[in-house]
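Visitor: model this:
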Amino acid sequence: MSRKLYVGNLPYSATEQTILSKFEACGTVESVKLITDRDTGRSKGFGFIEMGSEAEAQAAIETLNNTDFDGRPLRVNEAKPQKKRSAGGRGGYGGGW
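Guide: Purely as a prediction, here's the structure:
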C-alpha cells in the first residue's frame with residue numbers, strides 16, 4: 001500500500017486547508033494537492049493527499065471513503081501511478097511562420 005491517496009468527488013468549495021483538516025483526524029498529512037483548472041483556477045473536484053505512513057493512509061481510506069463532505073460522498077482510495085503521456089502535448093502544430 002502506498003501513502004499517497006486519491007481523493008475524488010470533492011465539492012468545488014473545498015480548499016487544500018479544508019481537506020487537510022478533514023484528513024488530519026486519521027494521522028499525519030505530509031502534503032495536499034488540490035487539482036485546479038489551469039485557465040480558470042477553479043477546482044476540478046479531486047486531489048491527492050500524502051499521509052505520514054501506510055497505516056495512516058489505510059485508516060484514512062477506511063474512515064473517510066463514502067463519507068459526506070459538504071453534501072458530496074468522498075471517494076478515497078490508493079493513488080495509481082501516473083501514466084506516461086505521449087510527446088507533443090497540446091496543439092500539435094508548433095505555430096511556426
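
Visitor: so where do the helices sit in this structure?
Guide: 16-23, 54-64 (DSSP state H).

Visitor: tell me the helices and strands packed up against the shortest one.
Guide: Contact here means 3 or more C-beta pairs under 8 Å, 6 or more residues apart in numbering; DSSP states H and E; on that basis helix 16-23 packs against strand 29-36, strand 43-51, helix 54-64. The way it works is simple: take the backbone N, C-alpha and C, and place the C-beta from them, glycine included.

Visitor: swap the cut-off to 10 Å and go again
Guide: strand 4-8, strand 29-36, strand 43-51, helix 54-64, strand 68-69 (3 or more C-beta pairs under 10 Å, 6 or more residues apart in numbering; DSSP states H and E).

Visitor: OK, contacts around the residue most central in space within the chain?
Guide: By C-alpha atoms, centre = their mean, the chain has its centre lying nearest to residue 47, at 1.6 Å. Counting by C-beta atoms under 10 Å, 6 or more residues apart in numbering, residue 47 touches 5-8, 10, 14, 16, 19, 32-36.

Visitor: hmm, which two among these are most spread apart?
Guide: Largest separation among the contacts of residue 47 by C-beta to C-beta: 5 and 36, giving 18.1 Å.
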